[in-house]
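Peer 1: Whatever this is, show me its structure:
(chains A, B, C and D)
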2 protein chains.
Amino acid sequence: MSRKGRKEQILQEASHLFSHKGYHGTKIRDISEASGILSGSLYAHIQSKEDLLFEITDRGGDAFLDALRPIVESEAPAEEKFRRGLKAHVRVIAENLEAATVFFHEWKALTDERRKIIQEKRDEYEALWARILDDGERRGEWQLTDAKFTRLLLLSAANGLYQWYRPEGDLTPEEIARRFADILLNGVAGKKGERTIGGCEQV
Amino acid sequence: MSRKGRKEQILQEASHLFSHKGYHGTKIRDISEASGILSGSLYAHIQSKEDLLFEITDRGGDAFLDALRPIVESEAPAEEKFRRGLKAHVRVIAENLEAATVFFHEWKALTDERRKIIQEKRDEYEALWARILDDGERRGEWQLTDAKFTRLLLLSAANGLYQWYRPEGDLTPEEIARRFADILLNGVAGKKGERTIGGCEQV
DNA sequence: GATCAAACCAAGCAAGCGCTTGTTTTTTGG
DNA sequence: CCAAAAAACAAGCGCTTGCTTGGTTTGATC
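Peer 2: Okay, the predicted model is just below:
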């Protein structure tokens, strides 16, 4: 197989195995077997097992950042940013479920510098969401009683999606994101207010 | 050291290591070293490394179930159950942070039957929350547009707490639970309505 | 169809893994 | 104070780990 194709295949198999068995629970021979080559032959394509983990998590981080950044930097109202951001977030998870799982669940297995790089991307992602929340407050679209706490709850809920999202489920990523936003903006009871844009009116 | 004391110490050290480095990332010699004995001496107290993981996760599951069950089975209004349930949930995490982390993060490393036991406890816990949500709907305290989705979001947010809760933080577990409930019931903007009991009025 | 680099295989190394065994030390109860 | 029991040690076994090495096959290029 061609160099690039094989490398991508290895990354995909590694994502699959890491997301299901964890980084330390996945052995280099598991990856080679899934890739259809011997374990020694892997090292024509990678330098180390940890390289695989880093590349998967690093790409995952970039996917989230690249999706959210343009939304944050746009000129839309905060609630629209909020809803578009959630839509982007859900879509990234839906389209890269295994990589996203590794990004959220296994990044701590990285050592030192590489772990720090991923940590920084996670921090940056959190900061982007903080900007959205802060933006809405400055524009008077909402008043948060505790911005930091709100951000943590929002991210916990959103980042937990990888644990239950299944592509064969009956909700599309867009619908998931909309319900997500409705609940977070208006509460679980789905109170409809003047503040809601593109809410759950068709349900 | 006495048999019981040593065993508890080993469980605690294992919880600490598992929660920070993961089950597969923690070696039996790490645990013995942290416990101040040689690795072989561990086996006077445990039967296997996996026994430790099972005991930690099993106790964790029981802690959550024992805290929530009496609340669900009480006769209080649904919103009170909701708030008391969240308070119990946060308290269990706060008082058993490392065990809770292992329960949420490492239980999948268990093999077969034991994994199934933990899975069933997780399912039961989720079902208890479903009863609370359903209860509020039957009593007319709220109308959920999607009960299953609401439950998943609620649990994602609540279960994610172990990732950012720090005992040295400035919010007490009770305050965390109250803000949690306020946001989930009324939305991030903290709209105060007739539905709110014991809300964030003192903030 | 000779060339040559990329891709792969076959074999295995050094280190580390979970755990066992046989022995010594420490604790405990009469 | 002594014997039984519990706890810990010292040593290492059989296996697996991530990775390396040296040689062979494959496939594109001229």
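Peer 1: now chain A, which segments are flagged as low pLDDT?
Peer 2: A:1-4, A:190-203 (pLDDT under 70).
Peer 1: Show me what stretch A:136-144 is in contact with.
Peer 2: A:77-79, A:81-82, A:133, A:147, A:150, A:185, A:195, B:188-190 (C-beta atoms under 8 Å, 6 or more residues apart in numbering or on different chains). Placement of C-beta: from N, CA and C, glycine included.
Peer 1: go again using 6 Å as the cut-off
Peer 2: Residues from elsewhere that reach stretch A:136-144 (C-beta atoms under 6 Å, 6 or more residues apart in numbering or on different chains): A:78, A:79, A:150, B:189.
Peer 1: Now that we have these, can you turn them into a markdown table and tack on secondary structure and distance to DNA strand C?
Peer 2: Below are those laid out as a markdown table (DSSP: H, G, I helix; E, B strand; the rest coil; distance: C-beta to the nearest atom of the strand, whole Å):
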| residue | secondary structure | distance to DNA strand C |
| --- | --- | --- |
| A:78 | helix | 48 |
| A:79 | helix | 49 |
| A:150 | helix | 40 |
| B:189 | coil | 49 |
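Peer 1: from these, which would you call buried?
Peer 2: A:78, A:79, A:150, B:189 (16 or more other C-beta atoms under 10 Å in any protein chain shown).
Peer 1: How about the last one: what's its closest non-neighbour residue?
Peer 2: What sits nearest to residue B:189 in space, not counting adjacent residues and going by C-beta to C-beta, 6 or more residues apart in numbering or on different chains, is residue A:142, at 3.7 Å.
Peer 1: What's the separation between the one you found and residue A:184?
Peer 2: 11 Å (C-beta to C-beta, to the nearest Å).
Peer 1: So which of those two has more stuff around it?
Peer 2: residue A:184 (24 against 19; other C-beta atoms under 10 Å in any protein chain shown).
Peer 1: and the helix or strand where residue A:40 lies, does that touch DNA strand C?
Peer 2: Element membership for residue A:40 (DSSP states H and E) is helix A:39-42. Yes: using C-beta under 7 Å from any atom of the strand, helix A:39-42 reaches DNA strand C at A:39, A:40, A:41.
Peer 1: So what's the residue count around the nearest residue to residue A:146 once chain neighbours are set aside?
Peer 2: Excluding the flanking residues, the one nearest residue A:146 by C-beta to C-beta, 6+ apart is residue B:179, at 6.0 Å. Using other C-beta under 10 Å, residue B:179 has 22 neighbouring residues.
Peer 1: could you list every residue that touches the closest residue to residue A:109 other than its chain neighbours?
Peer 2: Among residues not flanking residue A:109 along the chain, residue A:23 sits closest, at 4.2 Å (C-beta to C-beta, 6+ apart). Contacts here follow C-beta under 6 Å, 6+ apart; on that basis residue A:23 touches A:53, A:106, A:109.
Peer 1: What is the neighbour count of the second one?
Peer 2: The tally of other residues near residue A:106 (other C-beta under 10 Å) stands at 22.
Peer 1: State the distance from it to DNA strand C.
Peer 2: Relative to DNA strand C, residue A:106 is positioned 18 Å away (C-beta to the nearest atom of the strand, to the nearest Å).
Peer 1: Please name the nearest non-neighbouring residue to that residue.
Peer 2: With C-beta to C-beta, 6+ apart, the residue lying closest to residue A:106 is residue A:23, at 4.6 Å.
Peer 1: Ok, residue A:131 next?
Peer 2: That would be residue A:72: by C-beta to C-beta, 6+ apart, it lies 5.3 Å from residue A:131.
Peer 1: which residues touch the helix or strand encompassing residue A:84?
Peer 2: Taking DSSP H and E as the definition, residue A:84 sits inside helix A:78-95. Around helix A:78-95, the neighbours that count as contacts under C-beta under 6 Å, 6+ apart are A:63-64, A:67-68, A:71, A:100, A:132, A:135-136, A:139, A:141, A:158, A:161-162, A:165, A:173, A:176-177, A:180-181, A:197.
Peer 1: Show the buried residues in these.
Peer 2: For the contacts of helix A:78-95, buried by 16+ other C-beta under 10 Å: A:63-64, A:67-68, A:71, A:100, A:132, A:135-136, A:141, A:158, A:161-162, A:165, A:173, A:176-177, A:180-181.
Peer 1: which residues of chain A fall in helices?
Peer 2: Using DSSP state H, the helices of chain A run over A:3-21, A:28-35, A:39-42, A:49-72, A:78-95, A:97-105, A:112-138, A:147-159, A:173-186.
Peer 1: Any buried residues in the fourth one, and which?
Peer 2: For helix A:49-72, burial by neighbour count (16+ other C-beta under 10 Å) applies to A:49, A:52-58, A:60-61, A:63-64, A:67-68, A:71-72.
Peer 1: roughly how far apart are residue A:71 and residue A:87?
Peer 2: For residue A:71, the distance to residue A:87 - C-beta to C-beta - is 9 Å.
Peer 1: Overlap of the contact sets of the two?
Peer 2: By C-beta under 6 Å, 6+ apart, no residue touches both residue A:71 and residue A:87.
Peer 1: Point out the residues in chain A that sit beside chain B.
Peer 2: If contact is defined as C-beta under 6 Å from any C-beta of the partner chain, the residues of chain A in contact with chain B are A:22, A:24-25, A:142, A:145-146, A:149-150, A:152-153, A:156-157, A:160, A:164, A:179, A:183-190, A:200, A:203.
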